[in-house]
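>>> I would like the atomic coordinates for the input below:
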Amino acid sequence: MTDLVLWDIDHTLMATRGLGGELWAEAFEQVTGVSLHEQASVTGSTERVILRETARLHGLAYDEDLFTRFADALGSVHVRRAAELRERGHALPGAVSVLAALADRDIRQSVVTGNVRRAAEVKLSVFGLDTYLRLEDGAFGEDGEERPELLSLALQRAGVAGAQAVFLGDTPADVAGGRDAGVRTVAVASGKTSAAELADAGAEVVLDGLADTVQVLAMLQT
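Residues are numbered from 1 along each chain as shown. Presented below is the predicted three-dimensional model:
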């Protein structure tokens with residue numbers, strides 16, 4: 001029986017429909033004074049890695065102080081534009097139903113995400129997803145660079161062994177991270193990666209989405 005369900009956020013539970021990139025660019029310009037002309041790949045990555053590589057693309061030096069200031073700016077712009085996020089973005093079909101069903105079964109849930117915590121909190125709260133999650137058991141972009149590191153930290157915070165946890169994500173990086181951290185991963189083809197690509201990445205279970213609550217619960221509690 002699963003004791004802990006860990007969720008990726010973007011394209012697994014919700015979508016920002018382009019606004020996320022706008023908010024990122026705004027925070028980047030705020031802390032660097034440089035307009036964003038190219039962003040490093042964001043798929044399956046963490047904000048720390050994305051910022052470091054994007055700074056390199058712009059010929060800017062990267063250090064921990066830059067990341068700290070960027071994380072604060074990114075969180076603040078999410079807070080300021082939360083109403084716009086609610087209007088333009090949306091929770092993915094079935095996300096609320098699955099979270100609620102797991103909560104009804106007293107199964108703990110949290111997130112493992114490359115988002116910085118404050119931005120993650122805004123994204124989850126505007127769509128009513130935070131009600132079901134114990135964020136203190138999760139891991140965020142401030143906590144590390146790669147998925148295995150974040151997953152291991154979340155397991156430690158929750159006091160749960162990898163064998164008793166399940167991680168849901170939508171990218172090959174999520175699949176690889178779960179494998180390396182010893183956590184069973186259920187891949188969800190609700191993002192940019194197809195079901196076939198997720199299976200090729202090594203996912204044992206691939207769902208088309210979360211709309212079928214009964215199917216999702218069966219996969220999580222196997």
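
>>> for stretch 139-146, how far is the first residue from the last?
11 Å (CA to CA, to the nearest Å).

>>> pLDDT of that stretch, averaged?
In this model, stretch 139-146 has a mean pLDDT of 96.

>>> same check, this time on stretch 64-77
Mean predicted lDDT for stretch 64-77 stands at 98.

>>> neighbouring contacts of it?
Contacting residues not belonging to stretch 64-77 are listed as 23-24, 26-28, 30-32, 47-48, 51-52, 55, 60, 116-119, 122, 141-142 [CB atoms under 8 Å, 6 or more residues apart in numbering]. C-beta coordinates here come from the backbone N, C-alpha and C atoms, glycine included.

>>> Quick check on those residues: which are buried?
Buried members of those, counted by 16 or more other CB atoms under 10 Å: 23-24, 26-28, 31-32, 47-48, 51-52, 55, 116-119, 122, 141-142.

>>> for stretch 190-197, how far is the first residue from the last?
Span of stretch 190-197 from end to end, CA to CA: 12 Å.

>>> mind listing what's buried in that stretch?
190, 191, 193, 195, 197.

>>> Could you do stretch 199-211 as well?
201, 203, 205, 206, 207, 209, 210.

>>> the longest helix in this structure is where?
Assignment by DSSP state H gives helix 64-80 as the longest helix of the chain.

>>> Quick check: buried residues in that helix?
So, applying 16+ other CB under 10 Å, buried residues of helix 64-80: 66, 67, 70, 71, 73, 74, 75, 76, 77, 78.

>>> What segments of the protein are helices?
19-32, 47-57, 64-80, 82-88, 95-104, 117-126, 147-158, 172-181, 195-200, 213-220.

>>> could you check the angle helix 117-126 makes with the first one?
Spelled out, that is helix 19-32. On the basis of axes from the mean of the first three to the mean of the last three CA atoms, to 10 degrees, helix 19-32 is oriented at 150 degrees to helix 117-126.

>>> what do you get for the last one?
In terms of direction (the same axes, to 10 degrees), helix 213-220 departs from helix 117-126 by 140 degrees.

>>> likewise the longest one?
Relative orientation of helix 64-80 versus helix 117-126 (the same axes, to 10 degrees): 20 degrees.

>>> Identify all contacting residues around the lowest-mean-pLDDT helix or strand in the chain.
Within the chain, no helix or strand scores below helix 213-220, which has a mean of 94 by mean pLDDT, DSSP states H and E. Helix 213-220 is contacted by residues 2, 5, 94, 97-98, 101-102, 107, 166, 168, 186, 205, 207, 210 when judged by CB under 8 Å, 6+ apart.

>>> Columns pLDDT on top of those residues, output as a markdown table?
Shown next, in a markdown table, are the contacts of helix 213-220 (pLDDT from 0 to 100):
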| residue | pLDDT |
| --- | --- |
| 2 | 88 |
| 5 | 98 |
| 94 | 98 |
| 97 | 98 |
| 98 | 98 |
| 101 | 97 |
| 102 | 96 |
| 107 | 95 |
| 166 | 96 |
| 168 | 97 |
| 186 | 96 |
| 205 | 94 |
| 207 | 97 |
| 210 | 98 |
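
>>> Let's see the ChimeraX selection covering just the buried ones among those residues.
To isolate the buried members of these in ChimeraX, using 16+ other CB under 10 Å:
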select :2,5,94,97,98,101,102,107,166,168,186,205,207,210
